[in-house]
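J.: Quick one, structure for this:
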Amino acid sequence: MEHTRAYSVKDVLAALGKSLLYLLFFIMAQFLTGVVYTAAVAVRTALVHREMDIAEAAQLAAERLLAGAPAVALLANVFVVAVLLLWFRLRHKPLGKAAGLRRCSGWTAAFSAFAALGLFVAINLALALLPEAWLIAYNADMAPIASTGLLTALSIVVMGPLAEELVFRGIIQTRLLRAMPSWTAVVLQATLFGVIHGTPIQIVYALLLGLALGFLRCRTGSILPGLAAHAAFNAMNDPLGLLGGGAGSWYALAGMAAVCAVGCVLCRRGLAALAASPAREQGGPSTV
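T.: I've put the predicted structure just below:
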């Protein structure tokens, strides 16, 4: 049983150090992609629109940067996944083992995805209780990533969840689980996951999401249920504009809650699998 295991200070420090290095890599990938794109837009604007004064050129560049935000996020996450694949291949280490890419029950993945809809509804109901000034600031912070379209959908529903699950619930949580109790590992990775989301409100609900996804990782031994849940959660932000921008409306939330309830009932076999004994993590020295 887990409480009989001995955890050394050396192993804990090594796990924390390597986790922070992977976190730094993730942040730098986002930052450098943004810097390269910003430089490219600035140079193109300067070359194509030489007749404009500085203020007009800066305004045009800012508009193009805002319009290109989904593409930048998509490229950054593709870069993260590609580098991880290359890094583990060069080290002759299986990324699947390091990141918890194990097979899991389809019922569990489906139940997790439907349950994520309920979490989305709960978080939006909680947001509605916040002071109006906070919501105005939050909406302003979210404006740059609130666009719709195929690139946005690919970024926040496909590549975003894939990159984040590989890094946080995959590599980081796997490494932490080998050096400390599971609940500590889950809380730490969720805290790191929350911090990268920047604004106070985003940090709080990303922390809650990280805790839920980390729990799924511990119970199943796989990041796949969490990946399904993460993708479903992000999809409720309506990146394709299917809800006409009303993803946070009362009618949309009621519909999501209904789909969540029906889906969870239909996929209750997945709940039974989650309620069973948690998957055992492989012990021994980590090469992550």
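
J.: Where do the helices of the stretch 51-200 of the chain begin and end?
T.: 54-67, 69-90, 95-98, 106-128, 132-142, 150-153, 160-164, 173-177, 182-195, 200-220 (DSSP state H, counting those that start in this stretch).

J.: Which one, of those helices, ends up nearest to Ala247?
T.: Of all the helices of the stretch 51-200 of the chain, helix 106-128 sits nearest to Ala247, with 8.4 Å by C-beta to C-beta. Heads up, the C-betas are built off the backbone N, CA and C, glycines and all.

J.: quick one: average pLDDT of that closest one?
T.: For helix 106-128, mean pLDDT is 94.

J.: tell me which residues in the lowest-mean-pLDDT helix or strand in the chain are buried?
T.: The helix or strand of the chain with the poorest confidence is helix 54-67; it has a mean of 78 (mean pLDDT, DSSP states H and E). For helix 54-67, the buried set under the neighbour-count rule, 16 or more other C-beta atoms under 10 Å, comprises 57, 61, 64-65.

J.: Save those residues as a markdown table, and put in distance to Val78 too.
T.: Formatted as a markdown table, the buried residues of helix 54-67 follow (distance: C-beta to C-beta, whole Å):
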| residue | distance to Val78 |
| --- | --- |
| Ala57 | 29 |
| Ala61 | 24 |
| Arg64 | 20 |
| Leu65 | 19 |
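
J.: Return the member of these nearest to Gln173.
T.: Checking the buried residues of helix 54-67 one by one against Gln173 (C-beta to C-beta), the nearest turns out to be Leu65, at 33.4 Å.

J.: Arg50 versus the closest one, what's the distance?
T.: Applying C-beta to C-beta, to the nearest Å, the value for Leu65 to Arg50 is 19 Å.

J.: same thing with Gly255?
T.: For Gly255, the distance to Arg50 (C-beta to C-beta) stands at 51 Å.

J.: any idea whether Leu240 is helix, strand or coil?
T.: coil (DSSP: H, G, I helix; E, B strand; the rest coil).

J.: quick one: average confidence on stretch 266-285?
T.: 75.

J.: All further residue positions should be reported with the first residue as 20.
T.: Will do, 20 is the new start, and the previous item becomes stretch 285-304.

J.: Gly274 and Arg69: which has the busier surroundings?
T.: Counted by other C-beta atoms under 10 Å, Gly274 and Arg69 do not tie: Gly274 has more neighbours, with 14 against 8.

J.: give me the element that one is part of.
T.: If you go by DSSP states H and E, Gly274 is part of helix 269-285.

J.: what's downstream of that helix, the next helix or strand?
T.: Trace forward from helix 269-285 with DSSP H and E and the next one is helix 287-294.

J.: tell me the angle of that following helix relative to helix 219-239?
T.: Angle, helix 287-294 to helix 219-239, by axes from the mean of the first three to the mean of the last three C-alpha atoms, to 10 degrees: 80 degrees.

J.: Show me which residues of helix 287-294 are buried.
T.: For helix 287-294, using 16+ other C-beta under 10 Å, the buried residues are 289-290, 292-293.

J.: ok and it relative to helix 125-147, angle-wise?
T.: Using the same axes, to 10 degrees: helix 287-294 against helix 125-147 is 90 degrees.

J.: which helices and strands does helix 287-294 pack with?
T.: helix 125-147, helix 219-239 (3 or more C-beta pairs under 8 Å, 6 or more residues apart in numbering; DSSP states H and E).

J.: I'd like the distance from the first one to the chain centre, please.
T.: To tie it back to what came earlier, the one meant is helix 125-147. Per C-alpha atoms, centre = their mean, to the nearest Å, the displacement of helix 125-147 from the mean C-alpha position of its chain is 14 Å.

J.: For Phe44, find the nearest of the helices and strands packed on helix 287-294.
T.: So among the helices and strands packed on helix 287-294, helix 219-239 is nearest, using C-beta to C-beta, at 17.9 Å.

J.: Against which helices or strands is the closest one packed?
T.: helix 125-147, helix 151-161, helix 192-196, helix 201-214, helix 243-254, helix 287-294.

J.: hang on, the earlier thing: tabulate the helices and strands packed on helix 287-294 (a markdown table), appending distance to Tyr157.
T.: As requested, the helices and strands packed on helix 287-294 are exported to a markdown table (distance: least, C-beta to C-beta, whole Å):
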| stretch | distance to Tyr157 |
| --- | --- |
| helix 125-147 | 7 |
| helix 219-239 | 5 |
